[in-house]
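**Q** after the sequence you'll find the predicted model.
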Amino acid sequence: MHLRQTLIGLGSAVLLGAAAQPAAAHHSFAAEFDVNSPVELHGTITRMEWINPHAWLHVSVKNDDGTTTPWMIEGATPNTLLRRGFTRDNVKAGTEITIIGYRAKNGANRANGRDLILPDGSRLFMSSPGTGAPEAPGEEPAEQ
């Protein structure tokens, strides 16, 4: 009986360890984005994904020739964004915005968003704390 309990305990520990692996794979800002490649994008929100570990804002960016290019903007966790003033209403599809952020190192149409500027001129800080991304003015380094 004691051996059976030990094996069950070991099996549980292995399963819990395997389940924790995706969290360990979380990337730092510097692994994917370039602080020396800032971008300013003007466009229309097409969708917001409130998912962990990073929320994603999808934006149709207007080009000079009249065409549009889809961009994905990485933000902090949904909980962090909600605490900073993000709501389903201020990031709904069809809203015209400006994003200030940092481009992906691989040149893809992806960026880490720093500031989201809404039509009324208000700014929301959307970057991920504690990943090496530039902090918001006056913001303490994030808890890990």
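**A** Everything's here; your move.
**Q** for residue 65, see how far away residue 113 is.
**A** As judged by C-beta to C-beta, to the nearest Å, residue 113 and residue 65 stand 25 Å apart. C-beta here means a position set from N, CA and C on the backbone, and glycine is covered the same way.
**Q** and if you look at residue 99?
**A** 20 Å.
**Q** before we move on, what about residue 45?
**A** In terms of C-beta to C-beta, residue 45 sits 21 Å off from residue 65.
**Q** neighbour count for the two, which is higher?
**A** Between residue 45 and residue 65, counted using other C-beta atoms under 10 Å, residue 45 has the larger neighbour count: 20 against 6.
**Q** just the element for the more buried one, please.
**A** Using DSSP states H and E, residue 45 falls within strand 33-49.
**Q** what does residue 31 give?
**A** For residue 31, the host element (DSSP H and E) is helix 29-32.
**Q** off-centre distance for that helix?
**A** Relative to the centre of its chain, helix 29-32 is centred 12 Å away, using C-alpha atoms, centre = their mean, to the nearest Å.
**Q** list the buried residues in it.
**A** Across helix 29-32, burial judged by 16 or more other C-beta atoms under 10 Å covers 29, 32.
**Q** check stretch 63-76 too.
**A** By neighbour count on 16+ other C-beta under 10 Å, the buried set for stretch 63-76 is 71, 72, 73, 74, 75, 76.
**Q** output the lowest mean pLDDT helix or strand found in the chain.
**A** helix 21-24 (a mean of 41; mean pLDDT, DSSP states H and E).
**Q** would you agree residue 82 falls within a helix?
**A** Yes - under DSSP: H, G, I helix; E, B strand; the rest coil, residue 82 falls within a helix.
**Q** mean confidence (pLDDT) on stretch 30-41, please.
**A** Mean per-residue pLDDT for stretch 30-41: 89.
**Q** restricting to C-alpha, output that stretch in CSV.
**A** Taking Å, rounded to 0.1, in the frame of the first residue of the first chain, the C-alpha atoms of stretch 30-41 are listed here in CSV:
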residue,chain,number,x,y,z
ALA,A,30,14.2,41.5,-25.8
ALA,A,31,13.8,38.0,-27.1
GLU,A,32,11.1,39.1,-29.6
PHE,A,33,11.0,42.9,-29.9
ASP,A,34,13.6,45.5,-30.6
VAL,A,35,13.7,48.6,-28.3
ASN,A,36,15.7,50.3,-31.1
SER,A,37,12.9,49.8,-33.6
PRO,A,38,10.0,52.0,-32.4
VAL,A,39,6.9,52.2,-34.5
GLU,A,40,3.9,54.5,-34.6
LEU,A,41,0.9,52.9,-36.2
